[in-house]
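*Asks:* no letters, just coordinates:
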């Protein structure tokens with residue numbers, strides 16, 4: 001697995017924003033998004049583009065507090081037909097904001113890392129997952145760069161302990177059981193459930209339960225709930241995997 005810089009995450013986020021906007025261009029914004037229950041494409045776009053503007057504002061200001069996203073003027077077009085272009089604007093202003101600051105500079109975040117570099121990585125994978133949502137809703141083939149996907153699996157595991165809006169995450173503890181996520185491309189992770197918390201590491205070892213998929217892109221969709229692990233090979237304690245997935249829906 002490759003290591004990423006702040007600048008590389010910001011550049012990759014720009015690519016994903018442009019790809020998502022392109023997928024949505026000319027589409028009916030009322031199409032339902034099955035992977036985000038209750039949402040249509042309009043809601044998916046306004047959420048994603050709103051997050052880009054929210055983060056850009058906090059990073060520009062090196063905010064030491066969370067800005068009220070709902071209270072911000074996002075400049076949303078009156079006509080939903082303009083939503084894809086509005087989303088696409090983020091490919092310019094978001095990387096510009098991220099790269100205008102030292103990646104080590106302190107800024108508010110909801111994750112464990114309170115630095116600008118948290119947001120470049122988070123915005124890449126926020127956009128990527130919602131691009132996948134749009135493609136699944138529209139029946140468009142999902143293609144994800146393998147290096148991006150591998151970083152996305154690891155980012156999911158890195159931020160999961162800080163997801164305060166899902167209190168079930170606090171119950172991800174155990175007696176040493178392990179969940180192994182393995183891709184045929186050579187990327188792999190093992191999650192260990194300790195009595196007080198869980199932790200993860202890069203490893204090709206099997207676990208108490210192991211999910212084996214062709215690519216990290218498959219595993220990314222599994223951990224984010226966009227694909228079922230039943231679509232892949234499961235070895236070992238399937239009940240443990242079901243329990244884990246039930247508590248990690250974020």
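*Replies:* That came through, no problem. In this text, all values refer to a predicted model and were calculated from it rather than measured experimentally.

*Asks:* quick one: the helices in this structure, in order.
*Replies:* With helices called from DSSP state H, the chain shows them at 6-24, 41-61, 83-88, 90-99, 116-138, 146-159, 216-223, 238-247.

*Asks:* who touches residue 9 in this structure?
*Replies:* Contact analysis of residue 9 by Cβ atoms under 8 Å, 6 or more residues apart in numbering lists 98, 117, 120, 121, 123, 124. In this view, the C-beta of every residue, glycine as well, is placed from N, C-alpha and C.

*Asks:* follow-up on the earlier one: for residue 170, which of the helices of the chain is the nearest?
*Replies:* Proximity of the helices of the chain to residue 170 was assessed by Cβ to Cβ; the nearest stretch is helix 238-247, lying at 9.0 Å.

*Asks:* average pLDDT for the closest one?
*Replies:* The average pLDDT within helix 238-247 is 95.

*Asks:* what's next to it, contact-wise?
*Replies:* Applying Cβ under 8 Å, 6+ apart, the external contacts of helix 238-247 come out as 166, 168-169, 171-172, 177, 179, 191, 208-209, 211, 225, 229, 234.

*Asks:* which one of these is nearest residue 128?
*Replies:* Checking those one by one against residue 128 (Cβ to Cβ), the nearest turns out to be residue 225, at 14.1 Å.

*Asks:* what about that closest one, distance to residue 136?
*Replies:* 11 Å (Cβ to Cβ, to the nearest Å).

*Asks:* show me what contacts residue 2?
*Replies:* With contact taken as Cβ under 8 Å, 6+ apart, residue 2 is in contact with 147, 150, 151.
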